[in-house]
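Asker: any chance you can model this:
(one chain, ligands or ions: 1)
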Amino acid sequence: MTPRKKLTGLVAATITPMTPDGKINLSVIRQYVDYLVNEQNVKNIFVNGTTGEGLSLSIQERKQLAEEWVCQGKDKLDHVIIHVGALNLPECQELARHAAAIGAGGIAVIAPFFFKPTNKDELVAFLQKVALEAPEMPFYYYHIPPLTGVKIRVEELLDGIKAQIPTFQGVKFSDTDLLDLAQCINKNETGEFEFLYGVDEQLLGALAIGANGAVGSTYNYLGRQTNLMLQAFAKPDFALAQQYQFLTGEFLSFVIKLGFGVAQTKAVMTFVSGIPMGPPRLPLVGASSEFIAKAKAKLDSIVWPNGN
Ligand SMILES: CC(=O)N[C@@H]([C@@H](O)[C@H](O)[C@H](O)CO)[C@@H](O)CC(=O)C(=O)O
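Answerer: Numbers count the residues shown, from 1 in each chain. Just a heads-up that it's a prediction; the model follows:
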């Protein structure tokens, strides 16, 4: 068997395109894949996560999206990771089996966040039951405490994890606690796990600590510039890497002040890529025209290093 290519670099947390009447719009996914690969130089995706409104979709919709991304990404993308987390175990398991059956590259699971695990053992027991349904698939824990409220430290979770979840491959780490991330990386001496950082505005800090890559919403439309930041960091040209981080940060801090979330990400991606992402699904509501005009003007005003 060919050894699996390690998941490093940028992973776009894909948006779920929707029609104006709120149905998932599979018809633009082919164009979306080509856009990520050719215009953003991003060849890894994370489907049905936060940005993809995964928890606002039906199981059927999630399966259809996973199938379409895997199908359209064939021979173009390196890794297609499907988020299969849900509030109940049977749905997670069903989605995990489905991801395996369609030949996805891996699965990720968020902590259930209505009835929450209260300690590491409860969380691992839940994750283990999902992972067992896809025994050949790399498994990622999706750590996003600001949204789940599950604050169990990842460092703790790692202890003995391989014995409990043999397919455990790493963590999508969407938290600002860089101490926890650092302790995880310190524990990962052999480099068997991948740590993908998920707070785009401070990726450079996470890279310095040793993150292997990043999963995020902004890599849909700022993937090219963030890739240049990764290259500068690897060179190393820290001054150049900082310039890229400062500039993406300038945009994000501007839009965050206006009110920024998945709905606004859909609007930004639409005006940057030209691919219609459509409205978000309730309870999210679409970005205002005022937001769109201001965000576009801000992005257009940014002068990237060397014109890139
Ligand atoms: C809370 C949230 O949505 N975080 C985003 C970030 O990419 C975020 O949009 C970015 O850092 C801007 O704040 C990702 O971590 C989420 C993500 O990767 C996903 O869609 O699953």
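Asker: and the closest residue to the ligand within the stretch 201-308 of the chain, how far is that from S174?
Answerer: Across the stretch 201-308 of the chain, the shortest distance to the ligand (C-beta to the nearest ligand atom) belongs to G216, at 3.1 Å. All C-beta spots, glycine's among them, are computed from the backbone N, C-alpha and C. Going from G216 to S174 by C-beta to C-beta, to the nearest Å gives 8 Å.
Asker: between those two, which one's more packed in?
Answerer: The neighbour count for G216 versus S174, taken as other C-beta atoms under 10 Å, is higher for G216 (27 against 24).
Asker: H83 contacts G49, doesn't it?
Answerer: Yes. Assessed by C-beta atoms under 8 Å, H83 is found in contact with G49 at 4.4 Å.
Asker: and E91, how many residues sit next to it?
Answerer: 16.
Asker: grab the nearest non-local neighbour of it.
Answerer: For E91, the nearest residue in space outside its immediate sequence neighbours is I59; the separation is 5.8 Å by C-beta to C-beta, 6 or more residues apart in numbering.
Asker: also G259?
Answerer: Nearest residue to G259, sequence neighbours excluded (C-beta to C-beta, 6+ apart): F291, at 7.1 Å.
Asker: element containing that neighbour?
Answerer: Here F291 sits within helix 289-301, counting by DSSP states H and E.
Asker: convert the C-alpha atoms of that helix to CSV, please.
Answerer: Output of helix 289-301 as CSV, limited to C-alpha atoms (Å, rounded to 0.1, in the frame of the first residue of the first chain):
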residue,chain,number,x,y,z
SER,A,289,-24.9,45.1,1.5
GLU,A,290,-23.1,47.7,3.7
PHE,A,291,-20.8,44.9,5.1
ILE,A,292,-20.1,43.6,1.6
ALA,A,293,-19.2,47.1,0.3
LYS,A,294,-16.9,47.9,3.3
ALA,A,295,-15.2,44.4,3.3
LYS,A,296,-14.6,44.6,-0.5
ALA,A,297,-13.1,48.1,-0.2
LYS,A,298,-10.9,47.0,2.6
LEU,A,299,-9.6,43.9,0.8
ASP,A,300,-9.0,45.9,-2.4
SER,A,301,-7.0,48.5,-0.5
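Asker: please work out which residue of this protein is closest to the ligand.
Answerer: Residue nearest to the ligand within the chain: G49 (2.4 Å; C-beta to the nearest ligand atom).
Asker: if we can go back for a sec, assess the claim that the residue nearest to E91 and E94 are in contact.
Answerer: Yes. Taking C-beta under 8 Å as the definition, I59 is a contact partner of E94 at 6.6 Å.
Asker: and those two? which has more neighbours close in?
Answerer: Applying other C-beta under 10 Å to I59 and E94 shows that E94 carries more neighbours, namely 18 against 14.
Asker: would you mark the buried spots in the helix or strand harbouring the more buried one?
Answerer: Using DSSP H and E, E94 sits in helix 89-101. By neighbour count with 16 or more other C-beta atoms under 10 Å, helix 89-101 contains the buried residues 91-100.
Asker: quick check, nearest of those residues to V33?
Answerer: A99 (17.5 Å; C-beta to C-beta).
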